[in-house]
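Colleague: Here is the input, now give the coordinates:
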Amino acid sequence: HPGPPVWSPSGERIAFLRELDGGLDLWWTAEGRERAVAVTHEADSTSPAAVSGYVWTSSGDALVYALRGDLFLHHVESGSTELLLESAADESAPALSADGRRIAFLQDGRPWVGTFPELAGGPVIDSDESFQSLQWSPDGSHLVAAYGRSETVFEDTGALMGGKMGF
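Modeller: Numbers count the residues shown, from 1 in each chain. Now for the predicted structure:
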């Protein structure tokens, strides 16, 4: 089950998420490739996880992604992956500015902004809200963040459906 495709900035490559056997893996492909290339291998894991956000670098030759609460940088040509950030916090939803010099991501559900690839920066808001996604303005001067609370409501559906009739 592939997810929506995301073009690299140059339009040469496409990345997408694919769910298989409980894992949500990141893949990429390009015109002329016989097969897509798996960046992560969660479907093969004994305890599969899900990629929780990804973005192409401005050059389109690498992908930044979040997996198991950490940030990684995957170079598509060499196939090498490096750990960008490992912390006790849960990092997700990476977003790069169009010029590729700034990164934003969620750290324990709160926006964090810094330089890329150095990651010099920090949280930009102290809030109990749970943020869900981040996106830079085209010129990189603003960052939009979606947030909200989620609540689970349990209802007694028997009262809604009425009594059972015996026949």
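
Colleague: any idea how far the most centrally placed residue in the chain is from R110?
Modeller: A centroid search over the chain (Cα atoms, centre = their mean) returns G53, at 0.4 Å, as the residue closest to the centre. To R110, G53 is 14 Å away according to Cβ to Cβ, to the nearest Å. From N, CA and C alone the C-beta is placed, and that goes for glycine too.

Colleague: Could you do P2 as well?
Modeller: In this structure, P2 lies at 30 Å from R110, with Cβ to Cβ as the measure.

Colleague: Neighbour count: those two, which is higher?
Modeller: Between P2 and R110, counting by other Cβ atoms under 10 Å, R110 is the more crowded of the two (19 against 12).

Colleague: what residues are up against that one?
Modeller: P123, I125, D126, S127, F131 (Cβ atoms under 8 Å, 6 or more residues apart in numbering).

Colleague: who does it bridge with?
Modeller: With DSSP bridges as the criterion, the beta-bridge partners of R110 are Q107.

Colleague: wait, Y147 sits on S130?
Modeller: Yes: at 6.4 Å, Y147 and S130 qualify as touching, with contact defined as Cβ atoms under 8 Å.

Colleague: For D21, give me its contacts.
Modeller: Counted by Cβ under 8 Å, 6+ apart, D21 has contacts A43, P48.

Colleague: Specify which member of the contacts of R110 is nearest to V37.
Modeller: The shortest distance between V37 and any of these, using Cβ to Cβ, involves F131 and amounts to 30.7 Å.

Colleague: how deep is the nearest residue to that closest one once chain neighbours are set aside tucked in, by neighbour count?
Modeller: Counting by Cβ to Cβ, 6 or more residues apart in numbering, the nearest residue to F131 once its immediate chain neighbours are dropped is Y147, at 4.3 Å. Residue crowding around Y147 was assessed by other Cβ under 10 Å; the count is 15.

Colleague: Which other helices and strands does the helix or strand harbouring Y147 contact?
Modeller: With secondary structure defined by DSSP states H and E, Y147 is part of strand 143-148. Contact partners of strand 143-148 among helices and strands, from 3 or more Cβ pairs under 8 Å, 6 or more residues apart in numbering; DSSP states H and E: strand 110-115, strand 130-136.

Colleague: List the contacts of it.
Modeller: Applying Cβ under 8 Å, 6+ apart, the set of residues contacting strand 143-148 is 95, 104, 111, 113, 124, 127, 129-137.

Colleague: worst-scoring helix or strand of the chain, pLDDT-wise?
Modeller: Taking mean pLDDT, DSSP states H and E as the measure, the chain has helix 157-161 as its least confident helix or strand, at a mean of 54.
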